[in-house]
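In: sequence first, then the predicted structure, then my questions.
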Amino acid sequence: MPRWLSLLLVAALALSACTTATPAPTPTPTKTPTPVVLATPTPRPTDTPIPPTPTPPPPTDTPAPAETPTQPPTPTPEPPTPTPEPPTPTPVASANTPTPADPRPVNPPPVNTAIMASPDYGAQAFLWWREDIADRDLTLMRNAGFRWVKQWFAWQDIEGAGRGRYDWSIPDRIVRQVEQHGLKLLVRVDREPRWAGPPPSNIPAYTEFLSALATRYRGRIHAYQIWNEPNLAREWGNRPPNAAEYVRMLQAAYRAIKAADPNAIVVTAGMAPTGTCCDIARPDDLFYREMYRAMGGNSTGYFDMLGVHGAGFAAAPEVSPAEAAADKARYGGERFFSFRRIEDIRQIMVENGDAAKRVVVLEFGWTTDNRPGSPYYWHGAGAGIDEAVKADYLRRAYEYAERNWRPWIGLMSLIYMPDLDWGPDDEQYYWAIMEPSRIDELRLRNAFVVLCLYFNEKLGRPRCQYAPPQ
């Protein structure tokens, strides 16, 4: 089940960001049903500047007022329509000839990048628990113009009963539903079962599981994310993060998946944007550099595309890392407090000869958290970000990537299509692009409608069916 890796953010705002962890939000299961009442479906983009308030105020007993809900009618789902073919991507660089001691293949399988546009449109969804909700949300995504869905396949949920004892019932259903809705599937694979132990000791069992997974869903799962945020100790067996150990896992995972499904795309984990070093976290840029050193500066045989996380924090999508670092009062004072931190990580790829490989944005977004005591308040409502601003920023993020990051940008998977059980007490609730809605209701937020209009226009499809009449 999903969980978040966000506790380090509190320290990020109280201490100097250069010595503080501020991980980007990561999915987590929270099963506390709460009535949803904050829908704001009418799109109203705005360019209102963010006020300079990065330090959260003291908690108060009264939360910030929410916007008045607006309930859109439940639309009739349209049948999936064919999506235009994406542009032909830049070819992936050919493999270098390895030395005799190098175990990587001389001629690795070709990377199937043709299925991924630059940029491509995706979102993380929560399809595991309810088949009817999964079908509804996949219909919404398809109609809105999303082409990819990211889903967590927690290792413990499939092989938790013991080594080799697989329960494929829910993954079978999810893969089938995604296919039926004409979407591409990226799965995040982590969260070890108890019997396997933590990384890096669990690498043999993990790769055995990946082999079984890729064999069963050959040609049906299009991309695999290998683990999540290993630059945080809490994701790495509560041990100091170690890039060389992660690279060992990555190489073993690559081999296992490619042996079972040569056309599958292997994507690295995205790292938590952070400045903390070194026991509980490792700075994201440092960790990527250490990965390349551990690979000998040559990523052939380790991954096809590099995964990154790109939370926007208090900055608009066009704000550069240098601007975020220079204006502590407004943006937080570190390069990683910006969506364009992705460019810093891209530069590491270029420096290591990986300019021809693509970047996959595994998580990005903005929060509207309006709880004064929340560690997210300073870059949510405290920074002037409401549902209209969030919608505008998400659209502008895709526009910026199209103008400035082609052809190296691949899938951009935002957070989130929500878990049904999230409510206003859950931090994830404020990042989502729609309200958690029961099957007999539909409460869209601005972000969903604005992106639906944008994606359908870009894809040459009819106007978004969920938008208010013109």
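Out: Right, received. Where do you want to start? Numbering: from 1, shown residues only.

In: so Y206 versus F336, what's the distance?
Out: From Y206 over to F336 the distance is 28 Å, taken as Cβ to Cβ, to the nearest Å. No exception for glycine: its C-beta is placed from N, CA and C like everyone else's.

In: to clarify, my last question referred to V308.
Out: From V308 over to F336 (counting by Cβ to Cβ), the distance is 11 Å.

In: repeat for W155
Out: Distance, W155 to F336, using Cβ to Cβ: 28 Å.

In: more crowded one of those two?
Out: F336 (29 against 20; other Cβ atoms under 10 Å).

In: got the contact list for that one?
Out: 17, 22, 273-275, 283-285, 321, 324, 344 (Cβ atoms under 8 Å, 6 or more residues apart in numbering).

In: switch the cut-off to 7 Å
Out: 22, 273-275, 284 (Cβ atoms under 7 Å, 6 or more residues apart in numbering).

In: check which helix or strand covers G310.
Out: strand 305-311 (DSSP states H and E).

In: could you measure from I226 over to A205?
Out: For I226 relative to A205 (Cβ to Cβ), the value is 14 Å.

In: give me the more crowded residue out of these two.
Out: Between I226 and A205, counting by other Cβ under 10 Å, I226 is the more crowded of the two (26 against 18).

In: what's the closest non-adjacent residue to the more buried one?
Out: A253 (4.6 Å; Cβ to Cβ, 6 or more residues apart in numbering).

In: could I get the CA-only coordinates of stretch 414-425 as PDB?
Out: Only the C-alpha atoms of stretch 414-425 are listed here, as PDB (Å, rounded to 0.1, in the frame of the first residue of the first chain):
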ATOM      1  CA  LEU A 414       2.300  14.100 -11.900                       C
ATOM      2  CA  ILE A 415       0.900  13.500  -8.500                       C
ATOM      3  CA  TYR A 416      -1.900  12.400  -8.100                       C
ATOM      4  CA  MET A 417      -5.200  10.800  -9.200                       C
ATOM      5  CA  PRO A 418      -6.100  10.300  -5.500                       C
ATOM      6  CA  ASP A 419      -6.600   7.300  -3.300                       C
ATOM      7  CA  LEU A 420     -10.300   7.100  -2.400                       C
ATOM      8  CA  ASP A 421      -9.700   7.200   1.300                       C
ATOM      9  CA  TRP A 422      -7.600  10.300   1.500                       C
ATOM     10  CA  GLY A 423      -9.100  13.200   3.300                       C
ATOM     11  CA  PRO A 424      -8.200  16.700   4.500                       C
ATOM     12  CA  ASP A 425      -6.100  15.300   7.300                       C
END
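
In: middle-most residue in this protein, spatially?
Out: E363 (2.2 Å; Cα atoms, centre = their mean).

In: could you say which helix or strand holds it?
Out: strand 358-365.

In: so how far does stretch 212-220 reach from one end to the other?
Out: Counting by Cα to Cα, to the nearest Å, you get 14 Å between the two ends of stretch 212-220.

In: how far does that stretch sit from its chain's centre?
Out: 22 Å (Cα atoms, centre = their mean, to the nearest Å).

In: where along the chain do the strands fall?
Out: 120-124, 148-152, 184-189, 223-226, 265-268, 305-311, 358-365, 409-414 (DSSP state E).

In: roughly how far apart are I385 and Q156?
Out: 35 Å.

In: quick check on these two: which one has the bigger neighbour count.
Out: I385 (25 against 15).

In: make sure the more buried one is actually in contact with T368.
Out: Yes: between I385 and T368 there is a contact at 5.6 Å, judged by Cβ atoms under 7 Å.

In: between strand 358-365 and the strand holding G310, find me the angle.
Out: Comparing the axes of strand 305-311 and strand 358-365 via axes from the mean of the first three to the mean of the last three Cα atoms, to 10 degrees yields an angle of 20 degrees.

In: for L414, give its distance to G296.
Out: In terms of Cβ to Cβ, L414 sits 34 Å off from G296.

In: for those two, indicate the residue with more neighbours.
Out: L414 (25 against 16).

In: now do the same contact list for that one.
Out: 123, 364-365, 394, 433.

In: among those, which ones are buried?
Out: Buried subset of the contacts of L414 (neighbour count, 16 or more other Cβ atoms under 10 Å): 123, 364-365, 394, 433.

In: which residue packs closest to Y429, ignoring adjacent ones?
Out: Per Cβ to Cβ, 6+ apart, closest to Y429 is W422, 4.4 Å.

In: distance of the one you found from K150?
Out: According to Cβ to Cβ, W422 and K150 sit 17 Å apart.

In: how about the helices of the stretch 201-350 of the chain, start to end?
Out: Applying DSSP state H, counting those that start in this stretch to the stretch 201-350 of the chain gives helices spanning 203-216, 243-260, 284-294, 321-326, 328-331, 341-351.

In: what is the longest one packed up against?
Out: Think helix 243-260. Contacts defined by 3 or more Cβ pairs under 7 Å, 6 or more residues apart in numbering; DSSP states H and E place helix 243-260 against helix 203-216, strand 223-226, strand 265-268, helix 284-294.
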